[in-house]
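1. Would you be able to build a 3D model of this:
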Amino acid sequence: MKKTVTAIAFALLSPTLALADGAPREDWGRAGILSSANKAELPPITLSSGMPLAEAPWVLTSGTYYEFEIEGDGSAELALEGSEFFRAIWIDEIVVNDLEIRPLGLNSIEFDDAGTMEIGFVAIKPGAYFLRIPGSSGETQRIEIIIE
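-> Residues are numbered from 1 along each chain as shown. Sure thing, here's the model as predicted:
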């Protein structure tokens, strides 16, 4: 009984995090999942009339912090929607013209003119998702996203 209580207390009070395989994540540091050791860059998405959104699907790992840029070239008023994807992640911040936005949620984004937006998020809920240009039906007008 004493060993069980000690093991439970150690597990609750331990400052380290662990991966699914049980390996400790001491390298994350004090920032935890927001530390640079847990951060990955995704390829940018380019919003341009008639051009594909991405070359390949994104395969993400739950619990990892990701950043990506969306670049609109101003060739048309274009948006991206993907409410299920946006509900499966925690958005840390959206940066537009050096202005940082920290939303509670997101349904879609739209570019009326040329510009760049950066989104930082933590993948949370495993599953298959997408981002797409609203009203489009072509495969090149969407990006498939898998969170493992």
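2. Only C-alpha atoms from now on, for both contacts and neighbour counts.
-> Noted.
3. For the residue most central in space within the chain, give me phi and psi.
-> Among the residues of the chain, the one closest to the centroid is residue 121, at 3.9 Å (C-alpha atoms, centre = their mean). Phi and psi for residue 121, reported as degrees, to the nearest 10, are phi -150, psi 160.
4. Please apply the same query to residue 33.
-> phi -70, psi -10.
5. Who are the contact partners of it?
-> Residues near residue 33 by C-alpha atoms under 8 Å, 6 or more residues apart in numbering: 63, 64, 65.
6. what's downstream of the lowest-mean-pLDDT helix or strand in the chain, the next helix or strand?
-> Least confident helix or strand of the chain, by mean pLDDT, DSSP states H and E, is helix 2-13 with a mean of 48. Next helix or strand after helix 2-13 toward the C-terminus (DSSP states H and E): strand 39-41.
7. buried set for that following strand?
-> By 16 or more other C-alpha atoms under 10 Å, the buried positions in strand 39-41 come out as residue 39.
8. where exactly do the helices run in this structure?
-> Assigned by DSSP state H, the chain shows helices spanning 2-13, 83-87.
9. Roughly how far does residue 89 sit from residue 75?
-> Using C-alpha to C-alpha, to the nearest Å, we find residue 89 at a distance of 29 Å from residue 75.
10. Between these two, tell me which one has more neighbours.
-> Taking neighbours as other C-alpha atoms under 10 Å, residue 89 and residue 75 compare with residue 89 leading, 21 against 14.
11. Please name the residues that touch the more buried one.
-> Residue 89 is in contact with 121, 122, 123, 124, 125, counting by C-alpha under 8 Å, 6+ apart.
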